[in-house]
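Peer 1: Got a sequence here, can you build the structure:
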Amino acid sequence: MLRNYGNGNSEKVVLTRIQVQVNLPFDRLKDYIVELKELGLLENEGSLQLTEKGRQYLKEYKRILLFLKSMGLNYQSYRE
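Peer 2: Residues are numbered from 1 along each chain as shown. Predicted coordinates:
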């Protein structure tokens, strides 16, 4: 979910758009958002935004995916 919105722009995030992209019921999506906020990866100041910690997490996550790809492994639906 974070991967879809980690491009650094500050456009307003519409939850229904996220819901459709990740194919989750709305109540479960809200639960995940609460968990991501508790972990300090998201903040809600007018609209959902990644925190610096969230951006760092995505950077490291992408680095791991690139490593796996270089080893010939494919983890889920890898997208750069």
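Peer 1: And the helices in the protein?
Peer 2: All helices of the chain, identified by DSSP state H, fall at 15-22, 26-38, 52-70.
Peer 1: Any regions of this structure where pLDDT drops low?
Peer 2: The chain contains residues with pLDDT under 70 at 1-12, 45-46, 76-80.
Peer 1: Next, the distance between the ends of stretch 43-54.
Peer 2: Using Cα to Cα, to the nearest Å, one end of stretch 43-54 lies 9 Å from the other.
Peer 1: And that stretch, how far out from the chain middle?
Peer 2: Centroid displacement of stretch 43-54 relative to its chain, using Cα atoms, centre = their mean, to the nearest Å, is 11 Å.
Peer 1: Go through it and flag the buried ones.
Peer 2: Within stretch 43-54, the residues scored as buried using 16 or more other Cβ atoms under 10 Å are 43, 48, 49, 50, 54. C-beta coordinates here come from the backbone N, C-alpha and C atoms, glycine included.
Peer 1: Also stretch 21-41?
Peer 2: Residues 29, 33, 36, 41 are the ones in stretch 21-41 that count as buried (16+ other Cβ under 10 Å).
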